[in-house]
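Trainee: predicted model follows, preceded by the sequence.
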Amino acid sequence: MDWNSNVRPETMERITTKAQAEAYIDELVEFTRKQVGDKKVLLALSGGVDSSVVAALLIRAIGKQLVCVHVNHGLMRKGESENVIEVFKNQLDANLIYIDATDRFLDKLKDVAEPERKRKIIGGEFIEVFNEEALKLEGIKFLAQGTIYPDILESDGVKAHHNVGGLPEEMDLQLVEPVKLLYKDEVRLVGSALGLPDEMVYRQPFPGPGLGVRCLGAITRDRLHALREADAILREEFDKNGLAGKVWQYFIAVPDVKSVGVKDSKRYEGWPAIIRAVNTKDAMTATIEEIPYPILHHITDRITHEVDGINRVLLDLTPKPIGTIEWE
Ligand code: XMP
């Protein structure tokens with residue numbers, strides 16, 4: 001096997017069993033130890049499937065020579081940064097640097113309502129925080145990335161050669177991309193074989209800018225907090241009612257609009273929480289999953305009673321096209 005090639009050999013079997021995943025892990029571990037020697041490897045660990053599996057693989061191969069940096073941009077779903085710390089630091093004993101950059105991101109995003117500008121600020125700030133941290137470290141010679149085979153196929157290999165983190169050139173890092181020839185389902189199997197929890201390996205896709213594109217318009221801390229709490233209730237109820245495995249992506253969006261309501265016999269102005277639950281194969285088109293009304297009523301009841309600032313719950317019935325999956 002040529003581990004440097006960006007072309008998946010025709011002879012490479014599709015990984016469909018635990019035994020195959022373990023064989024892949026063994027080979028990869030051996031190759032990585034030779035490639036890296038006694039040097040250090042840096043990884044931006046978002047908590048998404050690909051970077052989590054890369055982290056677990058490299059921990060198996062080189063232990064504390066892997067330095068994981070988890071940047072919490074303040075736009076994570078409820079409990080996700082905590083989960084990264086629990087799994088990687090506490091359970092896998094990783095060399096993990098946790099940076100809570102919430103204030104930096106939210107200060108930069110203050111009063112910015114335009115979606116593409118929000119995305120650019122979040123992406124740019126992420127690179128800055130990560131670079132600052134990388135420059136403080138010594139002896140880093142490699143940068144690990146969670147490139148997977150569809151990334152290579154979709155970008156003619158461009159992304160794989162690209163330093164997507166945008167790290168300073170003087171660092172002169174070589175890439176380590178241990179799952180670059182694998183399809184997503186194979187990455188998940190490898191992750192499971194490495195002992196990662198299902199909630200991490202079968203995690204829904206989550207946009208890089210996180211809740212930033214679901215807290216619509218200019219983000220405020222109170223509305224972001226309401227969104228995070230409502231989203232946590234939605235996920236909890238989908239889990240409890242067996243919908244989590246049936247629906248590809250589901251989340252809450254909260255627009256910057258208030259309506260009048262009544263709470264405790266008083267006028268109560270609040271934002272609406274919009275439920276989006278879609279099924280798709282490739283995210284290019286998406287259909288609407290039917291959610292039983294009793295579950296919707298229960299979710300509405302919980303969100304409107306438990307989440308400060310929310311006084312209505314709406315359901316988005318729009319397929320893609322014409323609506324994109326995200327609202328921004
Ligand atoms: P749309 O909204 O375009 O989303 O129908 C398709 C899929 O892509 C995700 N998405 C993003 N992922 N950065 C990401 O990493 C982004 O800026 C972004 N915008 C959308 C979305 O969640 C869906 O899975």
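Mentor: Alright, I've got the coordinates. Numbers count the residues shown, from 1 in each chain.
Trainee: for the record, mean pLDDT for stretch 281-300?
Mentor: When pLDDT is averaged along stretch 281-300, the result is 96.
Trainee: repeat for stretch 253-263
Mentor: Stretch 253-263 shows a mean pLDDT of 97.
Trainee: could you do stretch 138-151 as well?
Mentor: Per-residue scores along stretch 138-151 average to 94.
Trainee: give me the buried stretch members for that stretch, please.
Mentor: Residues of stretch 138-151 classed as buried: Ile140, Lys141, Phe142, Leu143, Ala144, Gln145, Gly146, Thr147, Ile148, Tyr149, Asp151 (neighbour count, 16 or more other CB atoms under 10 Å). Heads up, the C-betas are built off the backbone N, CA and C, glycines and all.
Trainee: export the residues you listed to TSV and tack on secondary structure and distance to the ligand?
Mentor: Shown next, in TSV, are those (DSSP: H, G, I helix; E, B strand; the rest coil; distance: CB to the nearest ligand atom, whole Å):
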residue	secondary structure	distance to the ligand
Ile140	strand	25
Lys141	strand	28
Phe142	strand	24
Leu143	strand	19
Ala144	strand	18
Gln145	coil	14
Gly146	coil	12
Thr147	coil	14
Ile148	coil	13
Tyr149	helix	17
Asp151	helix	12
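Trainee: ok, of these, which one's closest to Glu199?
Mentor: Closest approach between these and Glu199, by CB to CB: Gly146, at 17.6 Å.
Trainee: the closest one reaches Asp50, doesn't it?
Mentor: Yes: using CB atoms under 8 Å, Gly146 makes contact with Asp50 at a distance of 3.1 Å.
Trainee: what touches both of the two?
Mentor: Common contacts of Gly146 and Asp50 (CB atoms under 8 Å, 6 or more residues apart in numbering): Val179.
Trainee: how about the strands in the stretch 51-200 of the chain?
Mentor: Using DSSP state E, counting those that start in this stretch, the strands of the stretch 51-200 of the chain run over 66-72, 95-100, 140-144, 174-176.
Trainee: among the ones you listed, which is nearest Glu10?
Mentor: Closest of the strands of the stretch 51-200 of the chain to Glu10 is strand 174-176, at 24.0 Å (criterion: CB to CB).
Trainee: now for that closest one, which elements pack on it?
Mentor: Under the contact definition 3 or more CB pairs under 8 Å, 6 or more residues apart in numbering; DSSP states H and E, strand 174-176 sits against helix 18-36, strand 140-144.
Trainee: how about residues contacting the strand or helix carrying Asp239?
Mentor: Here Asp239 sits within helix 221-240, counting by DSSP states H and E. For helix 221-240, contacts defined as CB under 8 Å, 6+ apart pick out 74-75, 77-79, 106, 211, 214-215, 243-244, 247, 250-254, 256, 271, 273, 275, 277, 295, 298-299, 302-303, 306-310.
Trainee: in ChimeraX, how would I select the buried members of the residues you listed?
Mentor: Only the buried entries of those go into this ChimeraX selection, using 16+ other CB under 10 Å:
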select :74,75,77,78,106,211,214,215,243,244,247,250,251,252,253,254,271,273,275,277,299,302,303,307,309,310
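Trainee: could you find the residue in the stretch 51-200 of the chain that comes nearest to the ligand?
Mentor: Arg119 (5.3 Å; CB to the nearest ligand atom).
Trainee: which one is that residue nearest to, not counting chain neighbours?
Mentor: Using CB to CB, 6 or more residues apart in numbering and skipping residues adjacent in sequence, the residue nearest Arg119 is Pro209, 5.2 Å away.
Trainee: and the one you found, what does it touch?
Mentor: Neighbour list for Pro209: Leu75, Lys118, Arg119, Ile122, Gly123 [criterion: CB under 8 Å, 6+ apart].
Trainee: can you redo these as CSV with pLDDT?
Mentor: Formatted as CSV, the contacts of Pro209 follow (pLDDT from 0 to 100):
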residue, pLDDT
Leu75, 98
Lys118, 98
Arg119, 97
Ile122, 97
Gly123, 95
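Trainee: next one: Lys110 from Gly309, what distance?
Mentor: In this structure, Lys110 and Gly309 are 18 Å apart, going by CB to CB, to the nearest Å.
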